[in-house]
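*Asks:* Give me a model of this one.
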Amino acid sequence: TTATMADEQTGEFFQPMPDDAAPEVPAEAPPADAPILMGAPDDGAPDFAAAPPEDAGFVGDVDATAADAVFVPEPPVEDAAPAFAAAPEDAGAEPIELPPADDEAAPADDGAMILPVPEEPTGPTPMSIWNDEWQVTLKDRKDDENAKKAEMLEKAKADLETFQAAREAKREARMKTNRSDEQEKLEAMEADLE
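*Replies:* Numbering: from 1, shown residues only. A predicted model of the protein is given here:
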């Protein structure tokens, strides 16, 4: 062999074929447009598309002769009360005609139905009343929010002014002490030079 690989199976798979083992070529290749013909089916192989034979036994066959295999309900008792009420005695009589109600359509003289005229709403609808109340609620909330915001802005301005005044006073005091310290050092340096 020309190369040794770590894995034996891989090594055997990639080994070059010996020169004496020529690939098998069929004696006569079928033409490309010829149909593929299969041999006759083997008599021992089952035909999957055929119906099973009559005497074939299947797992879980139902034994129809068993006494408890079929549930037969008992016949109804004649003496029991009927499940539904009987029809009234005047079931075959003419239907009763009721006069139309005031809000229903009434037939006109020519047989056409006259529909009632829909009433126009006289006042605001419940939805518009609710919307108006909701808008008032939202306006009140917005006013309260704006008032609190104005209060907080005023307080913030006052706090900022107080802070800046304190900072300026502290700065002035530091500058004053720095000037006095610087003056003392200058006087000490002049005294050392003389």
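*Asks:* which element follows the worst-scoring helix or strand of the chain on mean pLDDT toward the C-terminus?
*Replies:* Across the helices and strands of the chain, the lowest-confidence element by mean pLDDT, DSSP states H and E is strand 106-107, at a mean of 54. Moving toward the C-terminus from strand 106-107, the next helix or strand (DSSP states H and E) is strand 113-114.
*Asks:* just checking, what packs against that next one?
*Replies:* With contacts defined as 3 or more C-beta pairs under 8 Å, 6 or more residues apart in numbering; DSSP states H and E, the packing partners of strand 113-114 are strand 106-107. C-beta coordinates here come from the backbone N, C-alpha and C atoms, glycine included.
*Asks:* Which of the three states applies to P73?
*Replies:* coil (DSSP: H, G, I helix; E, B strand; the rest coil).
*Asks:* E120 too?
*Replies:* Secondary structure assignment for E120 (three-state DSSP): coil.
*Asks:* what about it, how many neighbours?
*Replies:* Neighbour count for E120, taken as other C-beta atoms under 10 Å: 5.
*Asks:* for A166, same thing?
*Replies:* Under the criterion other C-beta under 10 Å, the count of neighbours that A166 has is 10.
*Asks:* Check D33 too.
*Replies:* Considering only other C-beta under 10 Å, D33 is surrounded by 5 other residues.
*Asks:* Report the separation between it and E133.
*Replies:* Separation of D33 from E133 (C-beta to C-beta, to the nearest Å) stands at 87 Å.
*Asks:* got it, and P75?
*Replies:* Distance from P75 to E133, counting by C-beta to C-beta: 69 Å.
*Asks:* who has more neighbours, these two?
*Replies:* Neighbours per residue, other C-beta under 10 Å: of P75 and E133, the larger number sits with E133, 10 against 6.
*Asks:* which element is the more buried one on?
*Replies:* According to DSSP H and E, E133 maps onto helix 126-193.
*Asks:* go on, L37?
*Replies:* Per DSSP H and E: L37 is located in neither a helix nor a strand.
*Asks:* So, low pLDDT: which residues of this protein?
*Replies:* 1-32, 38-72, 76-93, 95-96, 98-112 (pLDDT under 70).
*Asks:* again, only using 90
*Replies:* Scanning the chain for pLDDT under 90 picks out the ranges 1-125, 191-194.
*Asks:* which residues does K149 contact?
*Replies:* With contact set as C-beta atoms under 8 Å, 6 or more residues apart in numbering, K149 has no partners.
*Asks:* Report the separation between it and F163.
*Replies:* Separation of K149 from F163 (C-beta to C-beta) stands at 21 Å.
*Asks:* same deal with A188?
*Replies:* Relative to F163, A188 is positioned 37 Å away (criterion: C-beta to C-beta).
*Asks:* Then D143?
*Replies:* With the distance defined as C-beta to C-beta, D143 ends up 30 Å from F163.
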